[in-house]
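**Student:** for reference, the sequence and a predicted model appear below.
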Amino acid sequence: MSENFEGSRNMMIKVRELLTVERIVGEPIREGGVTMIPVVSIRGAGGFGGGRGTSSDNESGYGEGGGFAINGRSVGMYVLKDGSLEWQPAIDYTRMFVVSCAAIVAISLLRWLRD
């Protein structure tokens, strides 16, 4: 059983290595007296499990499994120019379009149901 625990522990260590500040705040980009620092939003989720059981012919067994997903998207960047620090948000036009379409569909559906 300790071997199974060790595998899960190793997986959690690798997950922790993925979710670091260095991945959220990127390396500064310097160009013509301007420094840009990219910022991303990172989300992760995971699950692990295991169990024991017996088959219909009374053979016992043990199984385990796990999985992890990570997702990142740019949220903007800090721009340092002439001693002034400014936040420049990233604009996700695809997300804006999808949310707008969903809102239009929802409003249309509500109006249709009300009539």
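**Tutor:** Structure's in. What do you need?
**Student:** how close does residue 12 get to residue 56?
**Tutor:** 35 Å (C-beta to C-beta, to the nearest Å). Just so you know, the C-beta spots here come from the backbone N, C-alpha and C atoms, and that holds for glycine as well.
**Student:** actually, residue 101.
**Tutor:** Taken as C-beta to C-beta, the span from residue 101 to residue 56 is 51 Å.
**Student:** who has more neighbours out of the two?
**Tutor:** A direct count of neighbours by other C-beta atoms under 10 Å for residue 101 and residue 56 places residue 101 higher, at 10 against 5.
**Student:** just give me the neighbour total for residue 40.
**Tutor:** Residue 40 has 15 nearby residues by other C-beta under 10 Å.
**Student:** element containing it, please.
**Tutor:** Using DSSP states H and E, residue 40 sits in strand 34-54.
**Student:** need the mean per-residue confidence for that strand.
**Tutor:** Summarised as a single mean, pLDDT over strand 34-54 is 84.
**Student:** which regions of this structure lie under the pLDDT threshold?
**Tutor:** 1-8, 21, 23 (pLDDT under 70).
**Student:** quick one: the strands in it?
**Tutor:** 29-31, 34-54, 60-81, 84-89 (DSSP state E).
**Student:** spatially central residue in this structure, please.
**Tutor:** Residue closest to the average C-alpha location in the chain (C-alpha atoms, centre = their mean): residue 43, at 2.4 Å.
**Student:** beta partners of that residue?
**Tutor:** residue 71 (DSSP bridges).
**Student:** got the contact list for the residue in the chain sticking out farthest from the centre?
**Tutor:** In the chain, counting by C-alpha atoms, centre = their mean, residue 57 sits farthest out from the average C-alpha position, at 43.4 Å. Residue 57 makes contact with no residue under the criterion C-beta atoms under 8 Å, 6 or more residues apart in numbering.
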